[in-house]
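Enquirer: show me how the following folds:
(chains A and B)
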Amino acid sequence: MTISYYLVLAAILFTIGAVGVLVRRNAIVVFMCIELMLNSVNLTLVTFARSTGTIDGQIMAFFVMVVAAAEVVIGLAIIMSIYRTRRSASVDDANLLKY
Amino acid sequence: MPAEGLLAASWLLIALPLAGAAVLLLGGRRTDRWGHLLGTATVAAAFVLAVACTVQLAGTDGRSVDVELFTFISAGELDVTAGLLYDPLSAVFVLLITGVGSLIHVYSIGYMAHDPARRRFFAYLNLFVAAMLLLVLGNSYVALYVGWEGVGLASYLLIAFWYTRPAAATAAKKAFIMNRVGDVGLAIAVFIMFAQLGTTSYAGVHAGVATLAGGTVTAIGLLLLLGACGKSGQFPLQAWLPDAMEGPTPVSALIHAATMVTAGVYLIARSAPVYDETPTARTVVLAVGAVTLLIGAIAGCAYDDIKKVLAYSTVSQIGYMFLAVGLGPAGYVAGLAHLLAHGFFKAGLFLGAGSVMHAMDDQVDMRRFGALWKKLPVTFVTFGLGYLALIGFPFLSGYFTKDAIIEAALDRGDTWGWVLGGVAVLGAGLTAFYMTRLMLMTFFGEARWTDGVHPHESPSVMTAPMVVLAVGSVFSGALLVSVFPLSGWLEPVFGEPAEAEHVVAPAVIGLVVTVVMALGVLAAWLFVGRREVPVTAPVRVSPVTRAARNALYVDTINESLFMRPGQWLTRALVWFDNRGVDGAVNGLAAGLGGSSSRLGRAQNGFVRTYALGMLGGAVMVAGALLAVTAG
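Expert: Residues are numbered from 1 along each chain as shown, chains lettered A, B, ... in the order given. You can find the predicted model right below:
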C-alpha cells in the first residue's frame, strides 16, 4: 500500500481549496475552501504518521482540528456582522481597510 | 626669582578692577549712584599698588620677579601655569595703564555725568583695565592671549557703548573683525611655539627659540607681527582705529590712544629674543612701521573730524614705535619711551578734544569750531601743551623721544637707515602740519559755531586730569631720556644699552627735525591759518587731497580684495547649501515618500489579493526548499 494515493488526494484537495479561496466571492464558500485546505493538510499529516509509525502527525492533526473549530466560530461571527451591516456576504464588498 | 612681599600680591592689580567690573555688572541699577566712584577707586588703588610694587622691584636683584598663581591648563603634554612676570618692561606698562587709566576714570565721571548708562561705562572700563593688566603682566604667551582677547572684547563693548547709533555698532563690528584677523595670527604663533617647543612661557620660548629652524622662527615672528598689526592699527589692518572714534571720548583716550593700541609694541618688545633670531621678520616690522607712519600722517592732514585726525595721528605715532622696535636692540628703548610719552600727550589731546566736544554739544566737525581759546582757556592751554609735545617742540616730551627714534634709525649706517630716518623726519613734518591745522581750526580764527551753541569750560573733574596729563606731556620726555633714563631701567630686559656710533650728531638731528617741524607749522599757517575756513569742506580739490580724505583708499582696497570675495564665497556656499546639501537630503526624503505611497497602493483592501500574495509567497518558499534539498 503506497502512500502516494493519499498524498495526491491531499494535493488535489488543497489545490481545489486554494483556487476556491482565490476565485470565489461568497465569504461562506471561501470559508469552506479554507476548511478544505486545512483538512487536506490533516490528511497529509495523518498519512505520514501512519507510514512512519509515529503519532506526532496525528497529534498535529488534532491541533489543526481544534484551531479550525475556533477559527470557524470567529470567522462565522465576523461574516455575520459584516452581513448585518452591508447586506452582502461578498468578500470584495468588505474592502474598507486599505491605503 | 620668586615673589615676596608686595610683589606676591601683584595679582591684586588684576583682581581689583576685575572685581569692580563684576560688582558693577552684576549689581545692576542698585550700584548706579556710587558705581562710578567704585570704578575709579579700584583703578586708583591698583595704581597705588603698582607704584609700591615698582619701588620694591627696583630694590630686587635682577629686577625680575615670577609670581606663580595656579595651573591654568594641564592636558597631556600641554602644561600652562598661570603666573605673572613682574619685570621692568611690564612695570612701566602697569604704571602707564593704571596711572593714565585712573586719570581717565576721573575725567569720565564728569564726561559721562549725564549719560543714563554711566555705571555700565565704568564697568566696561574696569574690565578693560583688568584685561590690559593681564596682557602685560602674564608670564606666558597664553596669558598674554587671554588678556589680548579681553581687551578686544572691552574695546568692542566700549566702541559700541552707544549701540543705538548704527555708526557705532558698525564701527565696533569692524574693529572686532579686523582684530580677529590679527588674533588668528597670534593664535597660530602660539600653536607653533607649543608644537615646536612644548611650552608657551616667555622664559621657555625665549630660551628655546635659538634651537629652531630659521623658517619656523620667521613664521612665528611674522604671525606675532600680524597680531600686533591688528591690535595696534598698523598697515594693512589700520582702518578700524579711526572708525573706533564712535565710542565715547574717554575710551578713545584710554584704549585707542594710550594703552590698548600700544599692546602690539609691547608684544614685539617682549618677543625681542624671537626677533633677534629672524632679521627677515624684523625688517617687515620696520617696513610696516614706516608705511603706517606715512599713511597715518597723510590721512590725518585731510580729515575735518577732530577725533579722526587724532586717531590717524595715533596710527602714525604707533608707526614710529613699530619702526623703533623694528630696529632691534638700538630702538627698543626709544620706541618704549615714545610709547610712554605718547600715552601722556595723546591721552591729554583726546581728553581735550572731549572737553571741546562737551562745550560744542558733541560736535566733532572742526569747520564748525574756531576761536575757542578765549572760551575754553584751560582746555586750550592743556591741549596746546599736548600739541607742542606731539609735534616735537624743542625740550617737550615728543622732541626727545621722536629724535631718539630718528637717531636710532640713522645709526643703522646703511642706505635703509637713511631711508627710514628720512621717512621719520618727513612724518614729523606732516605731524606738525596736521596738528597745527587742527589747532588753527579749533582754537583760532573766526568763530564758525552753529547757532545756539554756547561754549563753556568743562567742570574741574574733567580739567584736573587734563592738567596732570599736560604736565606729563611736558616733562615725561626729558625725564625718560635724560633725568631718569628708561634705558637703564629696562637694562635687565634688553641688555646694556650699546654705546652707539652716531652717523649724524644728535644735535644736528635735533636741529633738522625742528626745522622740518617749523616748515610743517608754517605750511599749515599758509594753507589754513591765514585764510577763511569754509564751513563746508570744498568739493573741488586735488587728487592728493581726495585720496587723503579717503585714507588713501585703504577701505576701498580692503572691500574689493577681501570683503567682496568673502561675500561671493558666502553666497556660493549658501547656494551650495540650499541646492546641493538641502537638495540631496530633501530629494532623498521626497523619493522615499513617493515610492512608499506608490507601494501603499498594493494595499487595496481586497482580501483575495492578499491571499494571492500569501500563496505566491508560500509557493516561492516551497520552491526554494525543494531547490535546496534537490540540489
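Enquirer: identify each buried residue in stretch B:367-387, please.
Expert: Of all the residues in stretch B:367-387, those buried under the rule 16 or more other CB atoms under 10 Å in any protein chain shown are B:368-370, B:372-373, B:375-376, B:378-387. In short, each C-beta sits where N, CA and C put it, glycine included.
Enquirer: take those and keep only those in helices.
Expert: In helices, defined here by DSSP state H, the members of the buried residues of stretch B:367-387 are B:Val378, B:Thr379, B:Phe380, B:Val381, B:Thr382, B:Phe383, B:Gly384, B:Leu385, B:Gly386, B:Tyr387.
Enquirer: what helices or strands is the longest helix anywhere in chain A leaning on?
Expert: Determined from DSSP H, the single longest helix within chain A is helix A:56-86. Helix A:56-86 sits against helix A:27-52, with contacts defined as 3 or more CB pairs under 8 Å, 6 or more residues apart in numbering or on different chains; DSSP states H and E.
Enquirer: the helix it packs on packs against which elements?
Expert: helix A:4-23, helix A:56-86.
Enquirer: ok, so of the ones in helices among the buried residues of stretch B:367-387, who is nearest B:Val67?
Expert: Checking these against B:Val67 by CB to CB gives B:Gly386 as the nearest, at 35.5 Å.
Enquirer: do I have it right that the closest one meets B:Ser473?
Expert: Yes - look at B:Gly386 against B:Ser473 with CB atoms under 8 Å: they come within range, at 5.0 Å.
Enquirer: what stretches of the chain score poorly on pLDDT?
Expert: I went with chain A, as the question did not name one. Chain A contains residues with pLDDT under 70 at A:1.
Enquirer: oops, wrong one, chain B.
Expert: For chain B, the ranges with pLDDT under 70 are B:1-2, B:497-500.
Enquirer: which bits of it sit near chain A?
Expert: B:597, B:600-608, B:611-612, B:615 (CB under 8 Å from any CB of the partner chain).
Enquirer: helices - which of these land there?
Expert: Going by DSSP H, the helices hold B:Ser597, B:Gly600, B:Val607, B:Arg608, B:Ala611, B:Leu612, B:Leu615 from the residues of chain B next to chain A.
Enquirer: I'd like those residues as CSV, with neighbour count and distance to B:Ala213 appended.
Expert: CSV is the format used below for those (neighbours: other CB atoms under 10 Å in any protein chain shown; distance: CB to CB, whole Å):
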residue, neighbour count, distance to B:Ala213
B:Ser597, 10, 65
B:Gly600, 11, 68
B:Val607, 15, 83
B:Arg608, 16, 84
B:Ala611, 17, 82
B:Leu612, 14, 79
B:Leu615, 14, 80
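Enquirer: dump those residues to TSV, plus distance to A:Leu36.
Expert: Below are those laid out as TSV (distance: CB to CB, whole Å):
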residue	distance to A:Leu36
B:Ser597	38
B:Gly600	33
B:Val607	17
B:Arg608	16
B:Ala611	14
B:Leu612	17
B:Leu615	14
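Enquirer: out of those, the closest to A:Leu96 would be?
Expert: B:Val607 (11.5 Å).
Enquirer: how close does B:Tyr86 get to B:Gly99?
Expert: 16 Å (CB to CB, to the nearest Å).
Enquirer: which of those two has more residues huddled nearby?
Expert: Using other CB atoms under 10 Å in any protein chain shown as the criterion, B:Tyr86 and B:Gly99 rank with B:Tyr86 on top: 28 against 24.
Enquirer: surely the more buried one touches B:Cys53?
Expert: Yes - assessed by CB under 8 Å, B:Tyr86 is found in contact with B:Cys53 at 6.5 Å.
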